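Student: just a sequence and a predicted model for now, questions to come.
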Amino acid sequence: MNIEREETGNLTATLKVKLTPEDYTPGVEKALKEQRRTAVLPGFRPGQVPMTIIKKKVGKAVLIGEVERLIDANLRDYLQTNAIRGLGQPLQKHENNASNDWEQPGEFTFAYELGLAPNFEIDLSDKLGVEYPMVDVNDDLVQREVTDMQRRFGAVEDAEVSADKDMLLGDLIELNTDGSIKEGGIMNRATMSLEFIADEGSRASLIGKAKGDEVVVDPHKVSRDHEDLARMLGIERDRIHELEGNFLFRIVEIKRMVPVELGQDLFDRVYGKDAVADEAGFRAKVKEGLESMFRRDSDRIFKRLVMKKLNEGSNFELPDTFLKRWILETSKEPVSPEQIEESYAGYSEGLKRQLLEDRVIEKYGLEAKGEELDAFAKRYVSDQFMQYGMPAPEGEQLQQLSARILGDREQIGRIRNTIVEQKLITHFKALLSPKENKVSYDTFVTLARTA
């Protein structure tokens, strides 16, 4: 097989592929023999069908399959051998196939369009001016966490009259437009947590109610989204769009979370027996835990801020025309050229960010190594056993369990990404020496959402 590369633009090329009978005949003959060995046709014993009949029935399909297999394998090998960094995958140029005769096979020629990744440099230095965001864990934030702990470790009790943080159990009954109960309509027992109902009017209508009371509600206003509403009504998600009108909510039970008192019992349940002796020590531990938790979030936000800054300072092009065609031809769901045009800006920005990150990883040698993947998988296995109070496996058993994880493509992808992200964060911190920037919790949340 012969492959020639022809430059067609700044970031595009055409790969011209030529196959001769010597390339594909051995594979075709082997496949036909296998077909003959397993063929079952009336009038012939298994494995004794004449080869002429086999060729007539499946010869063309076998030939096409073998040619496609050879081209795919050789194109991948060609790109790897020549260190060509393509985007997407080569796309066949069908207008160049007119001379190929599958009925009288001889020499085949094909042409494939290739989009190329741009070459560019990056400059990582403290001149980027990216600060390291940190949450100001003040007394108010500590108190919010303490209050949440008191609720989490509290007890659920029955209540007579509903309050703004109670949980109501009751029956949702579909109504007609005139307010009467709909015959054959939806009726399902559901639970509503009042503090999580976003619509203020709906929440207010459910406060101050007793068991047996009935309240007319708009189902869309007492649920988070369509998936949540489908669960509440016990119906398929697709039926949500058919709903019209209100529902009657008949209250059966009122449950209230009674917070545990701030004292030694709470201290022990959160941190273990006698790990904390007094309220001051407890609040100090809570603050320490929050700072540690937010530190992990700070790392991730800092990494995104650095990549965002690099992206803003970069100036490289993409083979846009090729990529749009590639999306059109490889999309799992049918898309139109108009839809691609509408969404392409977001796609190209995401691709540029990924190319930038790949360049950083390559330049500074931050790719995950085999021994790092193996060590991570072993730690993961050990942590899983310890989480359930079981002794961690060792030796051959540990190796087998970690090998099973590393044999799963999705698992190894997640492990690789975790290792590389941590390497990037560590490298950025060391290289950029960022100044710490303490911000309020709300500002931090906004930053996490927009960075």
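Tutor: Looks like it arrived, so ask away. Note that the structure is predicted; figures quoted are calculated from it, not measured.

Student: alpha carbons only for contacts and neighbour counts from here, please
Tutor: Will do.

Student: partner strands of the top strand by length along the chain and their direction?
Tutor: Criterion DSSP state E: the longest strand present in the chain is strand 247-258. Strand pairing for strand 247-258, determined by DSSP bridges: strand 155-158 (antiparallel), strand 167-174 (antiparallel), strand 214-217 (antiparallel).

Student: what are the contacting residues of that strand?
Tutor: Defining contact as Cα atoms under 8 Å, 6 or more residues apart in numbering, one finds that strand 247-258 is touched by 151, 154-162, 165-175, 210-219.

Student: domain parsing for this protein?
Tutor: The chain breaks down into these domains under automatic domain parsing: 2-116, 155-258, 269-450.

Student: got the end-to-end distance for the shortest one?
Tutor: Start and end residues of domain 155-258 are separated by 5 Å (Cα to Cα, to the nearest Å).

Student: check the offset of that domain from the chain's centre.
Tutor: On the basis of Cα atoms, centre = their mean, to the nearest Å, domain 155-258 sits 32 Å off its chain's mean C-alpha point.

Student: i'd like the first residue to be 41 from this point on
Tutor: With 41 as the first residue, the last one maps to domain 195-298.

Student: any idea of the mean pLDDT for it?
Tutor: Across domain 195-298, the average pLDDT comes to 94.

Student: ok, the last one next?
Tutor: Taken as a whole, domain 309-490 has an average pLDDT of 93.

Student: give me the distance between the two termini of it.
Tutor: Per Cα to Cα, domain 309-490 runs 37 Å from first to last residue.

Student: that older thread, and the strands paired with strand 287-298 as a markdown table, adding distance to residue 315 and mean neighbour count?
Tutor: Output for the strands paired with strand 287-298, formatted as a markdown table (distance: least, Cα to Cα, whole Å; neighbours: other Cα atoms under 10 Å):
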| stretch | distance to residue 315 | mean neighbour count |
| --- | --- | --- |
| strand 195-198 | 23 | 13 |
| strand 207-214 | 33 | 23 |
| strand 254-257 | 48 | 18 |
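
Student: right, and the ones you listed - which one's nearest residue 336?
Tutor: For residue 336, the closest of the strands paired with strand 287-298 is strand 195-198, at 31.3 Å, according to Cα to Cα.

Student: circling back to that earlier point, which among the strands paired with strand 287-298 is found nearest to residue 490?
Tutor: strand 207-214 (33.2 Å).

Student: what's the following helix or strand after the closest one?
Tutor: Beyond strand 207-214 on the C-terminal side, the first helix or strand identified by DSSP states H and E is strand 227-233.

Student: list the buried residues of the helix or strand following that following strand.
Tutor: Moving toward the C-terminus from strand 227-233, the next helix or strand (DSSP H and E) is helix 240-245. Using 16 or more other Cα atoms under 10 Å as the burial criterion, the residues of helix 240-245 that qualify are 242-243.

Student: other SSEs contacting helix 240-245?
Tutor: For helix 240-245, not one helix or strand is in contact under the criterion 3 or more Cα pairs under 8 Å, 6 or more residues apart in numbering; DSSP states H and E.

Student: residues making contact with it?
Tutor: With Cα under 8 Å, 6+ apart as the criterion, helix 240-245 contacts 204, 234-235, 237, 255, 257-258, 261-262.

Student: buried residues in stretch 78-92, which are they?
Tutor: Buried-residue list, stretch 78-92, by 16+ other Cα under 10 Å: 79, 89.

Student: can you tell me the distance between the two ends of that stretch?
Tutor: For stretch 78-92, the end-to-end distance is 15 Å (Cα to Cα).

Student: about what we covered before: quick one: closest of the strands paired with strand 287-298 to residue 422.
Tutor: Nearest to residue 422 among the strands paired with strand 287-298 is strand 195-198 (33.6 Å), distances taken as Cα to Cα.

Student: related to what we said a few turns ago, any idea which of the contacts of helix 240-245 is closest to residue 274?
Tutor: For the contacts of helix 240-245, the nearest to residue 274 is residue 262 (14.9 Å; Cα to Cα).

Student: how far away is that closest one from residue 245?
Tutor: From residue 262 to residue 245 the distance is 11 Å (Cα to Cα).

Student: need the contact list for residue 341.
Tutor: With the criterion set at Cα under 8 Å, 6+ apart, residue 341 makes contact with 173, 487-488, 491.

Student: at 10 Å instead, please
Tutor: Residues in contact with residue 341, defined by Cα atoms under 10 Å, 6 or more residues apart in numbering, are 172-174, 335, 347, 465, 484, 487-491.

Student: quick check: residue 94 vs residue 75, distance?
Tutor: From residue 94 to residue 75 the distance is 7 Å (Cα to Cα).

Student: tell me the secondary structure at the residue nearest the centre of the chain.
Tutor: By Cα atoms, centre = their mean, the chain has its centre lying nearest to residue 454, at 9.8 Å. Following DSSP: H, G, I helix; E, B strand; the rest coil, residue 454 is assigned to helix.

Student: for the strands paired with strand 287-298, give me TSV that also has distance to residue 299.
Tutor: Putting the strands paired with strand 287-298 into TSV (distance: least, Cα to Cα, whole Å) gives the following:
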stretch	distance to residue 299
strand 195-198	7
strand 207-214	14
strand 254-257	28
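
Student: for residue 416, which of those is the nearest?
Tutor: Among the strands paired with strand 287-298, strand 195-198 comes nearest to residue 416, with 39.0 Å by Cα to Cα.

Student: tell me what residue 54 is bridged to.
Tutor: Beta-bridge partners, per DSSP bridges, of residue 54: residue 46, residue 153.

Student: got a pLDDT number for it?
Tutor: For residue 54, the predicted pLDDT is 95.

Student: over to the one 5 residues further on?
Tutor: At residue 59 the predicted local distance difference test score is 95.

Student: go on, the one 4 residues further on?
Tutor: According to the per-residue confidence, residue 63 scores 95 in pLDDT.
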